[in-house]
Structures are given as structure tokens and as C-alpha cells.
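Chemist: A structural model of the following input is requested.
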Amino acid sequence: MTIKLAAIAMALAAISTVASAEVHFRDVSFAEAKALAAKEHKAIMVDVYTSWCVWCKTLDRNTYSDENVGKIADAKFIAVKIDAEKGEGKTLSKEWKVNGYPTIIFFDEGGKEVDRVVGYEDAARFARSLETAAAGGSKAVIGDVEKAHPTTDSRKWLVAANYYAQQNERDKALAAFRKVLALDPENKHGQNAEALYGVGFLSAGEEQWKTLSDALTQFPNEVDADQANMMLLRHEFDEKLPNDAAKRIDQWAMSHPRDGVTFNFFAWTAAQHGVLLDQAEAYAKRAVILASSPQEKAGAMDTQAEILFKTGKTSDAANIETSALAFLDPAKDKKLYTELMSQKAKFDKAMAEVPAGTAAQNH
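Modeler: The predicted model follows:
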């Protein structure tokens with residue numbers, strides 16, 4: 001009996017640990033969140049999301065489930081979620097000028113905005129964002145980097161760089177990211193990956209492509225790596241270097257075998273350029289299999305249909321497009337549904353224009 005009781009106690013302890021290793025969102029309105037913040041002397045964290053946002057779901061799955069993120073959020077914030085397309089979310093998202101999802105907005109105890117994060121951040125970055133917001137927000141460190149004798153703390157320069165980037169102050173952001181690299185050449189604070197990718201995203205011309213390539217070589221598993229890889233793929237297609245793009249996607253697939261989003265991007269871009277269509281079709285099929293939502297699956301099937309259309313298999317393209325549309329809700333997925341309907345109309349028109357007695361597709 002003692003052993004059984006001990007086992008039960010251990011199981012309960014494990015359940016308790018799992019339950020605490022996440023952000024605990026309060027099911028309250030924003031007004032109620034402000035009241036709780038005043039009562040508990042905490043800041044407020046509002047996750048503005050939509051039901052169709054893939055990165056919102058990724059944030060839930062990968063970031064909010066992190067133990068360190070959960071501890072910081074629970075200790076210092078009243079955390080709430082607001083659907084931008086329902087209830088008060090419709091009004092608040094307009095009032096807060098939310099233009100992309102997810103957008104996480106931080107408010108002080110009195111309800112004044114002090115910072116925000118636009119887009120996905122992994123657990124390590126989001127933990128830093130939480131600490132920065134709890135300390136008064138990014139603006140609180142701007143004075144330290146803009147004064148006559150600026151700080152030599154690379155961590156503050158990184159906060160400033162991200163702040164400038166979100167304010168669309170490209171030149172300031174680029175200079176700040178470069179400052180991070182200059183102040184911490186040995187990467188003692190572990191922030192050089194973010195800074196190097198930042199320089200790559202914001203620079204131009206050959207510097208951009210070289211920096212992004214260097215970043216992928218040094219930090220291939222960084223959260224920014226997929227975006228950098230897609231930018232390089234597009235660049236190679238635009239520069240008529242399809243063999244380089246083919247090699248890049250095959251290498252990427254070896255280290256990221258479940259990255260259906262990038263596979264779909266490669267396939268669609270290849271189709272738009274009319275090259276590597278056999279390889280593109282293979283990656284489009286992989287993207288369909290790997291899709292994690294009906295919307296993602298429909299998008300990958302649309303890519304597959306476009307490739308078939310480009311290879312003259314118009315009837316097959318129309319059939320796949322019809323199947324893709326079946327995964328979507330015309331009201332909920334209005335934008336994507338409209339795009340796929342336009343594609344279906346294009347395929348149907350092409351079939352209707354085939355002269356009598358001519359095969360509609362080439363197998």
C-alpha cells in the first residue's frame with residue numbers, strides 16, 4: 001500500500017509540474033484583466049490571434065508550453081487571449097492597430113501599452129521579450145543606446161534593434177543589429193544568431209545574400225532559418241539559378257524533413273518560374289502529406305494543381321483543386337477559398353477552350 005501511495009504521489013507531482021509548465025491565460029475581458037492587474041500588481045499580456053493563424057497555433061504549441069516562459073508569465077503578467085475576429089477583439093484590434101497575427105501586446109499595471117511582439121518567437125526569445133516588457137518595455141532602453149555615450153551592453157542593443165525594426169526604422173535597426181555583433185564577437189550572450197539574421201533581413205544586394213547564407217551556415221536551427229532559406233530560394237529562382245535552388249531544397253529537406261511550409265514554397269515558386277516541375281511536384285506532394293491544418297493542406301494541393309496545369313494535365317489540376325476546396329469553409333476561410341476558386345475557374349476555362357477531339361491532358 002505504501003508503494004502504491006508513493007507512486008500516486010509521484011504521478012500527481014508529475015501532473016502538477018506539467019500543468020505549471022505553460023502560460024496560464026485568464027478567461028476574462030480586457031477590462032477585467034486591468035482590474036486584476038491593479039489588484040495583483042502585475043503587468044498585462046494580451047495575445048491577439050485568429051482561429052486560422054498557423055503561427056498563432058505554433059506559438060501555443062512551442063512557446064507558451066515552455067516551462068521558463070510559463071514561470072515568467074505567471075509571475076509577472078495577467079495573460080489573456082483575444083480573438084481579433086470575435087466580440088471585443090474586433091474593436092480592440094482596430095484600436096491597437098493590429099495588422100498581423102499573432103500580435104502580443106504588453107501593458108503596464110495601469111493599462112498603458114509598453115511593448116509588443118509581432119509574429120512568432122521561440123521560447124528563448126519570448127522569455128527575453130517578457131522580461132523586457134516587465135521591466136518597462138523596449139522604450140525604456142532606447143535612451144541608453146541613443147545618449148552621447150551609449151551603453152556597451154549588447155543585450156540592450158538587441159532590444160533596441162527589434163524595437164526599431166517594429167517601428168519600421170530600418171537604418172536604425174540595421175545599425176543596432178550590427179552593434180550587437182561588434183560588442184559581442186564571441187557570442188557570450190547567445191544573441192548573435194538573432195542579430196546576424198537581423199542584418200541579413202534588413203541589408204540589401206549582395207550583402208544580404210551573403211549574410212543570410214552565413215547565418216544559415218552558422219545557425220541552421222535558429223527560428224529565423226526557414227525565412228532566410230525561403231528568401232535565398234526565391235533569389236536563386238529570380239536570378240535564373242534553378243540548379244542552386246534544387247540543391248538548396250534537397251539539403252534543407254535532409255535537416256528539416258517535416259518542413260511542409262518550405263516544401264510548398266519551393267514547389268509554388270518553381271511552378272511560377274516554369275522550371276524544376278518534376279521536383280516541384282514531388283515536394284508539393286510531401287507538403288500535402290505534412291500539412292497540419294485543413295487550410296495548409298488546401299494550399300499545398302493548390303500548388304500541386306498549379307504544377308499539373310503547367311505540365312498540361314489540366315483535368316487532373318481541376319480535380320485536385322476541387323478536392324482542395326472541400327477542405328475549406330467558404331465563410332471562415334474566405335480569402336483562401338476565393339483564391340482557390342479563381343484557380344479552379346482558370347483550369348475549367350482552359351479545359352473548355354480545348355478544341356473538339358483534342359486530348360485535355362497529356363499523361
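
Chemist: Contact partners for residue 264?
Modeler: Residue 264 sits next to 283-284, 287, 296, 299-300, 303 when contact means C-beta atoms under 8 Å, 6 or more residues apart in numbering. No exception for glycine: its C-beta is placed from N, CA and C like everyone else's.

Chemist: domain assignment for the chain?
Modeler: Annotated domains of the chain cover 25-137, 138-204 [automatic domain parsing].

Chemist: Residue 329 is nearest to which of these?
Modeler: domain 25-137 (9.4 Å; C-beta to C-beta).

Chemist: gap between the two ends of the closest one?
Modeler: End-to-end span of domain 25-137 (C-alpha to C-alpha, to the nearest Å): 21 Å.

Chemist: In a strand, residue 82, correct?
Modeler: Yes. Under DSSP: H, G, I helix; E, B strand; the rest coil, residue 82 sits within a strand.

Chemist: ok so, going back, how about CSV for the domains of the chain, with mean neighbour count and distance to residue 308 added?
Modeler: Shown next, in CSV, are the domains of the chain (neighbours: other C-beta atoms under 10 Å; distance: least, C-beta to C-beta, whole Å):
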stretch, mean neighbour count, distance to residue 308
domain 25-137, 18, 25
domain 138-204, 18, 34
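
Chemist: Can you add distance to residue 350 and give these back as JSON lines?
Modeler: Shown next, in JSON lines, are the domains of the chain (distance: least, C-beta to C-beta, whole Å):
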{"stretch": "domain 25-137", "distance to residue 350": "30"}
{"stretch": "domain 138-204", "distance to residue 350": "38"}
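
Chemist: could I get the ones you listed as TSV with mean pLDDT and distance to residue 211?
Modeler: TSV is the format used below for the domains of the chain (pLDDT from 0 to 100; distance: least, C-beta to C-beta, whole Å):
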stretch	mean pLDDT	distance to residue 211
domain 25-137	93	19
domain 138-204	93	4
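
Chemist: about what we covered before: now, among the contacts of residue 264, which is nearest to residue 229?
Modeler: residue 283 (13.3 Å).

Chemist: isn't that closest one right next to residue 249, touching?
Modeler: Yes. Contact status for residue 283 versus residue 249: in contact at 6.6 Å, counting by C-beta atoms under 8 Å.

Chemist: quick one on the thing from earlier: which one of the contacts of residue 264 is nearest residue 142?
Modeler: For these, with residue 142 as the reference and C-beta to C-beta as the criterion, the closest is residue 296, at 38.4 Å.

Chemist: what's near enough to touch residue 301?
Modeler: 288, 320-321, 323-324, 327.

Chemist: rerun that using 10 Å as the cut-off
Modeler: Neighbour list for residue 301: 264, 284-285, 287-288, 291, 320-327, 340 [criterion: C-beta atoms under 10 Å, 6 or more residues apart in numbering].

Chemist: repeat for residue 292
Modeler: Applying C-beta under 10 Å, 6+ apart, the residues near residue 292 are 54, 57-58, 61, 258, 260-261.

Chemist: any chance of those in JSON lines, plus secondary structure and distance to residue 145?
Modeler: Output for the contacts of residue 292, formatted as JSON lines (DSSP: H, G, I helix; E, B strand; the rest coil; distance: C-beta to C-beta, whole Å):
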{"residue": "54", "secondary structure": "helix", "distance to residue 145": "34"}
{"residue": "57", "secondary structure": "helix", "distance to residue 145": "35"}
{"residue": "58", "secondary structure": "helix", "distance to residue 145": "31"}
{"residue": "61", "secondary structure": "helix", "distance to residue 145": "34"}
{"residue": "258", "secondary structure": "coil", "distance to residue 145": "39"}
{"residue": "260", "secondary structure": "helix", "distance to residue 145": "40"}
{"residue": "261", "secondary structure": "helix", "distance to residue 145": "35"}
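
Chemist: still on that earlier bit, identify the farthest-apart pair in the contacts of residue 264.
Modeler: Using C-beta to C-beta, the contacts of residue 264 span at most 14.3 Å, a distance reached by 283 and 296.
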